[in-house]
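Participant: just the structure for this:
(one chain, ligands or ions: 1)
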Amino acid sequence: MIKPAATSEHILEFRDVGCRYKGGVDVLNGLDFKLARGEMLFLTGPSGAGKSTVLRLAAMQLRATRGQVLMNGKDLAGVRPGKVPAHRRELGMIFQDFQLLHDRSVFDNIALPLVIRGLSHTDLARRVRAALDAVGLLGREKSLPRTLSGGEQQRAGIARAIVARPQLILADEPTGNLDPRMALDVMRLFERFNEAGVSFLIATHAIDLIEQLGHRAIHLEAGRESQARPEAASRLTAP
Ligand SMILES: Nc1ncnc2c1ncn2[C@@H]1O[C@H](COP(=O)(O)OP(=O)(O)OP(=O)(O)O)[C@@H](O)[C@H]1O
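Facilitator: Numbers count the residues shown, from 1 in each chain. Predicted coordinates for the structure are as follows:
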């Protein structure tokens, strides 16, 4: 388990980070940014800019080939392979395609992170119901995921991400499969958890939504931060 450094005001920090996939080119080229504790930060940029790679580095699915990735002030380079699962348990992760288990009920999907942590059945059931209540799915706990709408499936994905009370949630294109109204609902839900103290790093192409919500955004181009402002889709398509 990564113990928080008492002095660190940043939950996540990238210092001059480079990343190269095996046999590939440099995907990140000296990326620097800080995510303050309790902040909701967006990562934007064209396809291939490196947004998912940033999230994979934070989740330790990859290691930086240059620079430092720090969580709670601690350099992830020092986390031994055997401690990576413990690092991941400190995070909540949300995906574009929801990644729910389709042969398990909504309840069982959301319970999974708590089963891994060995919670008693009573505690587990109480926390799963609280998470379902928080995302407005209390009545659907026995349903199979495929009987839910896309927005409901993503809300189940959010309940699974928050049920173990992580400090940080990493979301990769979380509204990519949702219509605009459901996408806004999902972002509003993120804001509610953010107001309760959870930090968010969200990779997205949804520039319209970012502008509407007004949180800080970092725009990536070719693996580093760019000062260029992306165009919202509505402005690009406006007559
Ligand atoms: N496993 C991999 N092996 C080799 N190259 C990879 C791998 N995964 C990603 N890449 C390359 O790294 C670059 C950045 O990919 P990444 O998925 O981080 O971009 P992204 O900004 O999230 O794109 P998108 O918006 O399309 O999801 C791309 O050129 C991609 O082809």
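Participant: I'd like the distance between residue 69 and residue 119.
Facilitator: For residue 69, the distance to residue 119 equals 29 Å [CB to CB, to the nearest Å]. Just so you know, the C-beta spots here come from the backbone N, C-alpha and C atoms, and that holds for glycine as well.
Participant: what do you get for residue 28?
Facilitator: Distance, residue 28 to residue 119, by CB to CB: 37 Å.
Participant: which bits of this protein sit near the ligand?
Facilitator: Within the chain, the positions near the ligand by CB under 6 Å from any ligand atom are 21, 24, 27, 45, 47, 48, 49, 50, 51, 52, 53, 203.
Participant: who has more neighbours, residue 69 and residue 119?
Facilitator: residue 69 (23 against 18; other CB atoms under 10 Å).
Participant: tell me the spacing between that one and the ligand.
Facilitator: Distance of residue 69 to the ligand, given as CB to the nearest ligand atom, to the nearest Å: 14 Å.
Participant: excluding its backbone neighbours, what's nearest that residue?
Facilitator: Nearest non-adjacent residue to residue 69, counting by CB to CB, 6 or more residues apart in numbering: residue 76, 4.7 Å away.
Participant: dig out what the residue nearest the centre of the chain forms beta bridges with.
Facilitator: Closest residue to the average C-alpha location of the chain: residue 170 at 1.5 Å, with CA atoms, centre = their mean. Using DSSP bridges, the bridge partners assigned to residue 170 are residue 93, residue 201.
Participant: which regions of the chain sit below the pLDDT cut-off?
Facilitator: The model of the chain has pLDDT under 70 over residues 1-7, 229-239.
Participant: which helix of it spans the most residues?
Facilitator: Across the chain, the longest stretch assigned as helix under DSSP state H is helix 180-195.
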